[in-house]
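> curious how this folds, go ahead:
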Amino acid sequence: MKALVWCAPYKVQVEEVPDPAIINRRDAIVRITSTAICGSDLHLVDGFIPFMQPGDILGHEPMGVVEELGPDVDRNRVNVGDRVVVPFPLGCGQCFYCRRQLWSCCDNTNPNPTPGETLHGFSTAGILGYSHLTGGFAGGQAELLRVPLADVNLQKMPAELSDHQVLFLSDVFPTGYMAAEACNIQPDDTVAVWGCGPVGQFAIRSALLLGAGRVVAIDDARRVPERMAMAQSAGAETIDMHDQYVYDRLLDITGGIGPDVCIDAVGMEAHGYTALESFYDKLKTNLFQETERPHALRQAIQCCRKGGTVSVPGVYGGFSDKFPLGALMNKGLTIKTGQTHVHRYVPALLEHIGAGRIDPSFVVTHRLPLSEAPRAYELFRAKQDGCIKVVLDPAA
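So this is what the prediction gives:
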């Protein structure tokens, strides 16, 4: 089969690789019909996430049709021919964490827990296509995908909804929704979202679905005007981080109090707001003395009102410097973080889609053949041609 493989930092290519096979008795083989490029994939390609190996297959936002099942898969839950979305974290359904709906913390699906325990104290769940830190599973930017514990992890989709309407239930829609839902948003709350990429777009719409009084989106209008326009089309007010001083503007909007909820939808590769800040973090990461560029998170903590909530769906992988711990503690902020517990949110979000409250296909700007995946990554990274979200088509 054809698959997109990681070769080295900043280099990916489409190669012929062996077809996946049933290894364990509850495995499934899924023929991929649509698979998306996520901003988190750039962290892998750019070398910020450790434990990548040449030949690793990328991709953690896939969907498709079940082609083969192991003998012990519960046919009452999933069967050959079912159209399914595959959540990026793999759950077992039985451990302490899965029973509490903390699916991305599953204790049993990461077969290589040592790196996570060394780096973070405990390992995460297994994650598709996301380095050997999270299990070394082959990802979904391929023609076929092996999914372990298929009767737990495959999410059946209705035939009447298109791929582009349900594909993002694999990751970015639940990620944006969880970031907002974790903050107990009230009707008079102001929610500020840093980053208008796909996760930010879904965080904006999720905050509005959950009843936020107003949503303010923060991004760089000179580099990504299309993302700002998309945020405005959802009903968000916008702040251009280069033309306006974000802290002062947020104080103006909130009557001097600050936002009730601040969502960092940028993560570890944020661009700095000042030349000095950018230079400092770039130098530290180049010297391997820091793994993050937490500009957006620093600013979210500084801007959030006293007693407010900072939610972090943006991905971080290791250690950061100049973290404003004093502001966090003295302002009495609540921090909400975590890889997304996708399985928990799929039923409710599918109901929102079916009822017409949201059509997630709004975020798709490009659909390209899998064979053009390296070019798609360049479009996505450089934000060329108005690119916000790329869906790859393995059958094209």
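> got any ranges where this protein has weak pLDDT?
Along the chain, the model assigns pLDDT under 70 to residues 268-291.
> try 80
116, 118-119, 243, 268-293, 317-322 (pLDDT under 80).
> most centrally placed residue in it?
Val172 (4.8 Å; Cα atoms, centre = their mean).
> what are the structural domain limits within this protein?
2-171+340-393, 175-337 (automatic domain parsing).
> circling back to that earlier point, contacts only, for the residue nearest to the residue nearest to the centre of the chain when sequence neighbours are not counted.
Using Cβ to Cβ, 6 or more residues apart in numbering and skipping residues adjacent in sequence, the residue nearest Val172 is Pro198, 4.6 Å away. From N, CA and C alone the C-beta is placed, and that goes for glycine too. Residues near Pro198 by Cβ atoms under 8 Å, 6 or more residues apart in numbering: 38-39, 168, 172, 176, 363, 388-389.
> could I get the residues you listed as TSV with secondary structure?
What follows is the contacts of Pro198, written out as TSV (DSSP: H, G, I helix; E, B strand; the rest coil):
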residue	secondary structure
Cys38	coil
Gly39	helix
Phe168	helix
Val172	helix
Gly176	helix
Val363	helix
Ile388	coil
Lys389	coil
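> which of these sits closest to Val30?
Val30 lies nearest to Phe168 out of these, by Cβ to Cβ, at 16.8 Å.
> would you map the helices across the protein?
Assignment of helices within the chain using DSSP state H yields the ranges 39-45, 96-99, 114-120, 150-153, 163-166, 172-181, 198-209, 225-233, 246-253, 275-286, 295-303, 325-330, 342-354, 373-382.
> quick check, nearest of the contacts of Pro198 to Gly332?
Checking those against Gly332 by Cβ to Cβ gives Gly176 as the nearest, at 25.6 Å.
> surely the closest one touches Gln201?
Yes: with contact defined as Cβ atoms under 8 Å, Gly176 counts as touching Gln201 (7.1 Å).
> now do the residue nearest to Gly59 when sequence neighbours are not counted against Thr340, distance only.
Distances taken as Cβ to Cβ, 6+ apart place Gln141 nearest to Gly59, at 3.1 Å, with adjacent residues excluded. For Gln141, the distance to Thr340 (Cβ to Cβ, to the nearest Å) stands at 19 Å.
> same deal with Gly47?
23 Å.
> and the two? which has more neighbours close in?
Thr340 (24 against 13; other Cβ atoms under 10 Å).
> who are the neighbours in contact with that one?
Listed by Cβ under 8 Å, 6+ apart, the contact partners of Thr340 are 88-89, 104, 171, 174-175, 178, 313.
> could I get those residues as CSV with distance to Arg375 and neighbour count?
Below are the contacts of Thr340 laid out as CSV (distance: Cβ to Cβ, whole Å; neighbours: other Cβ atoms under 10 Å):
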residue, distance to Arg375, neighbour count
Phe88, 23, 30
Pro89, 29, 26
Ser104, 31, 25
Asp171, 22, 27
Pro174, 28, 26
Thr175, 25, 28
Met178, 32, 24
Pro313, 27, 29
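> residues in contact with Gln201?
Listed by Cβ under 8 Å, 6+ apart, the contact partners of Gln201 are 176, 227, 230-231, 234, 362-363, 388.
> make it 10 Å
By Cβ atoms under 10 Å, 6 or more residues apart in numbering, the residues touching Gln201 are 168, 172-173, 176, 193, 195, 217, 227, 230-231, 233-234, 236, 265, 360, 362-363, 388-389.
> buried subset of those residues as a ChimeraX selection?
Buried subset of the contacts of Gln201, written as a ChimeraX selection, criterion 16 or more other Cβ atoms under 10 Å:
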select :168,172,173,176,193,195,217,227,230,231,234,236,265,360,362,363,388,389
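> okay, now the residue lying closest to Gln302 once chain neighbours are set aside: neighbour count?
Nearest non-adjacent residue to Gln302, counting by Cβ to Cβ, 6+ apart: Ala327, 5.8 Å away. Using other Cβ under 10 Å, Ala327 has 15 neighbouring residues.
> noted, bye for now.
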